[in-house]
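[1] coordinates only, no sequence provided:
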């Protein structure tokens, strides 16, 4: 059984962001992304507003990340879900989602949304497995083909039972 450690990190300083960007560009265009292309994306196009950023690691090695931004009221948006290829299918993404749901609830977020692309089949399967349902578009993201939402249940402390 794999033990994953999830911790908060600074999105701007995480090398996982560059790996995520390289993979998203490569998969979209069906070819390897060049350094200049990744640099341009990170400078010009990437949304840098990721106030909650989690990193998952095993044996001290960072292997994946997940971010959350705040949309409005009690709605948060997941972004930058990424797990390095050799660690996929081992529960790292599930550990990230579980930890982020707890972070969301701690911050008063009870609805999580995300958008993803048609070619990210594994991601769509992961979100469905974790209770996200496909919804109508909630944004006009240029590269999005699918939108998902999950309503979180607030954790309430158990009430003492009444004695008769």
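    Noted; the coordinates are in hand. Fair warning: this is a prediction, and the values are worked out from it, not measured in the lab.

[2] against residue 67, how distant is residue 10?
    Residue 10 sits 11 Å away from residue 67, taking Cβ to Cβ, to the nearest Å as the criterion. Just so you know, the C-beta spots here come from the backbone N, C-alpha and C atoms, and that holds for glycine as well.

[3] sorry, slip of the keys, the one I care about is residue 142.
    18 Å.

[4] and the two? Which one has more around it.
    The neighbour comparison of residue 142 against residue 67 (other Cβ atoms under 10 Å) goes to residue 67, with 25 against 6.

[5] helix or strand: which one has that one?
    strand 61-72 (DSSP states H and E).

[6] next secondary structure element downstream of that strand?
    Strand 61-72 is succeeded, C-terminally, by strand 75-83 (DSSP H and E).

[7] can you give me the angle that following strand makes with strand 61-72?
    If you take axes from the mean of the first three to the mean of the last three Cα atoms, to 10 degrees, strand 75-83 sits at 160 degrees to strand 61-72.

[8] how about residue 60, what does it touch?
    Shown here is residue 60, which makes no contacts under the criterion Cβ atoms under 8 Å, 6 or more residues apart in numbering.

[9] quick check: pLDDT value at it.
    Note on residue 60: pLDDT of 90.

[10] from residue 85, how far off is it?
    In terms of Cβ to Cβ, residue 60 sits 19 Å off from residue 85.
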